[in-house]
Structure formats: C-alpha cells, structure tokens
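[1] this one's sequence-less:
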C-alpha cells in the first residue's frame, strides 16, 4: 500500500487540528474560500510550447473548517491546452476520499486510503487555515524573526517553509519545491487584501515567474449547505468503491506483450502506459515519466510520494532490467516536452540511452535536463550529461530485423511539436496524449473532440490500413479504420467547421 506518511503522524496532525474543537453538539462552521483567475500552463510545462505566458482561466475552491478535518476541493480549468476539466475531491479523513462526478457517472470512493496529510495540504489553500494550524502546533515552528516571518517545518515536508501572518491569516508562504525539467525552485504564495468587499488579490510565483494570479472570495456555509458538500447527492447512482491503495497514484507496473518483441508496460504510475520494443541493439522506450507535483497544495506535494524528479523513470528502468536481463536500453523517444512525459529522461541518460525528441522542443529539453538546480540522481552521480537528438519528419532507427520509426505529428491542439512511434513491419503505432480513446465508438467523446478529430485525420493520412494504435493513457486499442469513421462522424465534421471559422 502506498502511504504518504506513517499513520501515527496522520493521527497526530488530525488531533492537533481539533485542539480548538467546539463544544459537543455544536456543528463545525465551514467556509468556502475560492480563487478565480488564470494559470500559466506554459510555465508549468503543460502548454503548447515550453515557455511562459500561456495563461488559461482557472478556478480553485476549498471548503474547510478549523473544527473539522473534512475538506472539499474543486477545480475548473485546463490541465492541457486542448481540454478543460471540472473536478471535485472530497476528503473524509482518516481513510476515505471521494471523486465527485457530475451527471450519470457514479462517484468514485477510495476506501482505506490514508488521506489526512493530503487533506491538510489542500485546506492550506485558505490562508486562514495556515494561521490556525501554526497557532495550534507551536512545536512545528523553527524560528521567528522580528519582521513577522515564521519558519515552519510542516509534517511530511522535505523543506522548511517561511510564513508571514497578519490578523490571523497568512499573507505570504515561501517554500522550495522540486519540479521536473525545472529542478529545485522557490515557490511563493501571496495574499494581498484589497478590502472586505473585494477579497484578496492572490499570486503564486515559482522561480520568480507568476504562475497563478486570481481574486479570492469567502463565504460561510449554512449547516445545510455544509452537509450537502460532504454527502453524496440523494439522486446520484451508488458510488463505485475502489481500494484505497490506488489513491492518489501508485506504481503498479506490469508487462503486456502485444506480439513478439513488442510490449506495453502498464501503470508505470496510475494511468501511464509506456511502449517498449526489443531490437537487436537493445530496447527502445517511448517517454520518460516523471512524477506530478500538486501546486495547489501547500507545501506542494508529489502525486507519487518519495520518488522525486528522476525516481519514477529510475524505477521503470529497473523494472525493464528485471524483465529483459542483459539487454541495454538503446534509446528513449520523448513524444513531447510536457514534464510528465519527458521529465524523467535524466534516468535514461544515466542508463546510457540515446534521447530523441521533437525538433521544436529539443533545444529546450537539452537545457532543462542539464540544469544545475536538479537534485542528486543517477545522472549526477555518473558525471555525464543528457544529450538530446532532434527529430524532424520521420526518423528510422537502423535495425533491419525490427525497424523503429519516430514520426512527427506536427503542430496540434495539444502541443506544437510531437512524435509518435511506428513499427512499419508490425503496423503498430504508439502515441501520447493527443489520442486517449474511451471506447471503440464510431465518434470521439465530445470533451476530447478537438484533439481526437485532429489525430484521426492525421492517422488516416499518414498510417497504412490495418495499423493498430496504442496510447499512453488508455488500455483501448484503436485502428486506422476506426479513425476513418471518426473523421466521417458528425462530431468531427462540426469540429472542422469550427476550426475553419477561426
């Protein structure tokens, strides 16, 4: 079971929160603190280009009380340029978390999950909760300065945070964080009050760049509203129960052989599947995974705890070594520059693999993977550098028995430069993110139409009939024949009409 922190620590933290609990019989008072603004996906390395300045509307809301460990977090925004998402997570410490789904889909409940520490990190999005927590736990305070700055080591955090509190609310929060392709940087939250009527102007800067800017609102919930916030809706279908070890993400690698010498390693981390091809000169791997860092949690925390920037790919490489003894990793093909797909490439460089990447982002990746701010890992121990080879158009790796091609998809709704991996003899194609099918329906899902219709057209034009298509985030296998049906669907026709009007 993946646990972020020991159980005794969770219980200690939860008991500390309850120090100011109200008298028995009085319900806790819940407040909703919301931020409405815009987030820079470009700086977060999830934009169309690996550069800052690609802001998208983003809303975050947290419902919490100083007298209850329960927390409700909801967000609305883009995790990628081509898809907007709305999500709600309800934390019910110590052992249950619920993903709230809208419409006919049932909620997902993760039972027997250790969620206390994560709930606390999320509730700190509200600056009042930070002040209350520090006041209730003086043992966490390392030092106080004359200018009101307080150094605090929050349980479970690797770094010391510096907090400034005025009028029972935090006004600034400083901490270090390790980010893929960025290394160790300083993250700063600031809350600047602009009057009771207008709330506060909030900014999050990382490494000196503004990543999130928003205005805040706050309201006290009625007892009825608070109850509804934490209970399933009466008219919703019964929730699906999922083992707690699956939250928030875990490493559960298993090897699935597609055909001789061609494999998918599923769940390198939850929902991440990677392509592996055996050649006479060694293994060819698609994508170098890195853990995701939750920036809305204070201090920011790793989705897969304990692995850091390079640890996930290092564990992936060890897994391959156990299944393919004596075979070196010849190369890794980075499909695109988003940090969750390319941020672990240092581990492959340390293993002696050659790194290929789209020409449009190869220069950035060459610099990013060799930043001096990177924490110690196998590459730094080896004394080597990560060298990135750019790919434009179609590049064939010379192995007569099993040729592997890196193929450019060109600019697309997800990212401005992207590669796929094609095996011409087997007619197998692997792609990341731009194609994440949910089923073999004759049309793509509505919320993914912009990307899926692009890819369907590209596949019909560039892949031979009979090609099977595998992807990085779904177990669904599609074909070029299905992609042709998608291009002819009403949904893709509507998408083409919208694109032509722009």
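    Sure, I can see it. Keep in mind the model is a prediction, meaning the values are calculated, not measured.

[2] For the spatially most central residue of the chain, what are phi and psi?
    Nearest to the mean C-alpha position of the chain, by C-alpha atoms, centre = their mean, lies residue 292 at 4.2 Å. Dihedral angles of residue 292 (phi, psi; degrees, to the nearest 10) stand at phi -90, psi 140.

[3] ok, now residue 118?
    Main-chain dihedrals, residue 118, degrees, to the nearest 10: phi -70, psi -40.

[4] Give me the neighbour count for it.
    27 (other C-beta atoms under 10 Å). To be clear about C-beta, it is placed using only N, CA and C from the backbone, and glycine gets the same treatment.

[5] swap in the one 5 residues further on?
    By other C-beta under 10 Å, the residues close to residue 123 number 29.

[6] you'd agree it is up against residue 68?
    No. Using C-beta atoms under 8 Å, residue 123 is not in contact with residue 68; the gap is 9.8 Å.

[7] which ones are touching residue 418?
    Residue 418 makes contacts with 335-336, 358, 408-410, 412, 432, 434, as judged by C-beta atoms under 8 Å, 6 or more residues apart in numbering.

[8] Tell me the spacing between it and residue 150.
    45 Å (C-beta to C-beta, to the nearest Å).

[9] One more: residue 388?
    Residue 388 is 43 Å from residue 150, by C-beta to C-beta.

[10] higher neighbour count, those two?
    Just comparing residue 388 and residue 150: by other C-beta under 10 Å the higher neighbour count belongs to residue 388, 24 against 18.

[11] Please report the distance of that one from residue 331.
    Counting by C-beta to C-beta - residue 388 and residue 331 are separated by 11 Å.

[12] Can you work out which residues contact both of these two?
    355-356.

[13] neighbours of residue 438, just the number please.
    Using other C-beta under 10 Å: residue 438 sits among 12 other residues.

[14] Would you mind listing the residues in contact with it?
    445, 448, 474, 476.

[15] Residue 142 contacts residue 153, doesn't it?
    Yes. If you go by C-beta under 8 Å, residue 142 and residue 153 touch, sitting 5.9 Å apart.

[16] any common contacting residues for these two?
    Contacts common to residue 142 and residue 153, judged by C-beta under 8 Å, 6+ apart, are residue 160.

[17] who's more crowded, those two?
    Neighbour count, other C-beta under 10 Å: between residue 142 and residue 153, residue 153 has more, with 15 against 12.

[18] Contact partners for the more buried one?
    Here residue 153 is in contact with 140, 142, 160-161 (C-beta under 8 Å, 6+ apart).

[19] Kindly recompute the last result at 6 Å.
    Residue 153 makes contact with 140, 142, 160, according to C-beta atoms under 6 Å, 6 or more residues apart in numbering.

[20] Nearest to residue 322, out of the residues you listed: which one, please.
    Within those, distances to residue 322 taken as C-beta to C-beta reach their minimum at residue 160, with 37.7 Å.

[21] count of residues packed around the closest one?
    15.

[22] what's the answer for residue 371, then?
    So residue 371, with other C-beta under 10 Å, has 13 neighbours.

[23] residues in contact with it?
    Contacts of residue 371 by C-beta under 6 Å, 6+ apart are residue 183.

[24] where does it sit relative to residue 385, distance-wise?
    11 Å.

[25] do residue 70 as well
    48 Å.

[26] Tell me which of the two has more neighbours.
    Higher neighbour count among residue 70 and residue 385: residue 70, with 19 against 12, using other C-beta under 10 Å.

[27] show me what contacts that one?
    92, 230.

[28] For the helix or strand hosting it, list every residue counted as buried.
    For residue 70, the enclosing helix or strand under DSSP states H and E is strand 68-80. Residues 68-75, 77-80 are the ones in strand 68-80 that count as buried (16 or more other C-beta atoms under 10 Å).

[29] And for stretch 148-162?
    150, 152, 154-157, 159, 161-162.

[30] okay, among these, which ones form the most distant pair?
    150 and 156 (18.2 Å).

[31] how about the nearest residue to residue 183, chain neighbours excluded?
    residue 373 (3.0 Å; C-beta to C-beta, 6 or more residues apart in numbering).

[32] Which pLDDT does the model give residue 395?
    We have a pLDDT of 95 for residue 395.

[33] the inter-axis angle of the helix or strand harbouring residue 457 versus strand 68-80?
    For residue 457, the host element (DSSP H and E) is helix 449-462. Using axes from the mean of the first three to the mean of the last three C-alpha atoms, to 10 degrees, the direction of helix 449-462 lies 40 degrees away from that of strand 68-80.

[34] From the chain's centroid, how far away is the helix or strand following helix 449-462?
    Where DSSP H and E defines the elements, the next helix or strand beyond helix 449-462 is strand 468-471. Mean-position distance between strand 468-471 and its chain equals 22 Å (C-alpha atoms, centre = their mean, to the nearest Å).

[35] which neighbours does strand 468-471 have in its sheet, and in what orientation?
    According to DSSP bridges, strand 468-471 forms sheet pairs with strand 428-431 (parallel), strand 478-479 (antiparallel).

[36] Next, the residues that contact the longest one from outside, please.
    Same thing as strand 428-431. Contacts of strand 428-431 (C-beta under 6 Å, 6+ apart): 275, 286, 420-422, 463, 467-471.

[37] What residues does residue 349 make contact with?
    Contact analysis of residue 349 by C-beta under 6 Å, 6+ apart lists 379, 386.

[38] Low-confidence ranges, this structure, go.
    The chain contains residues with pLDDT under 70 at 1-25, 103, 194-199, 400, 500-502.

[39] swap the cut-off to 50 and go again
    Residue ranges of the chain with pLDDT under 50: 1-23, 196-198.

[40] how is it carved up into domains?
    Listed by automatic domain parsing, the domain ranges of the chain are 7-246, 254-434.

[41] and these, which is most packed in?
    Each of these was assessed for mean neighbour count using mean count of other C-beta atoms under 10 Å. The highest is domain 254-434, with a mean of 20.

[42] What is the distance between that domain and the centre of its chain?
    For domain 254-434 - counting by C-alpha atoms, centre = their mean - the centre lies 16 Å from the chain centre.
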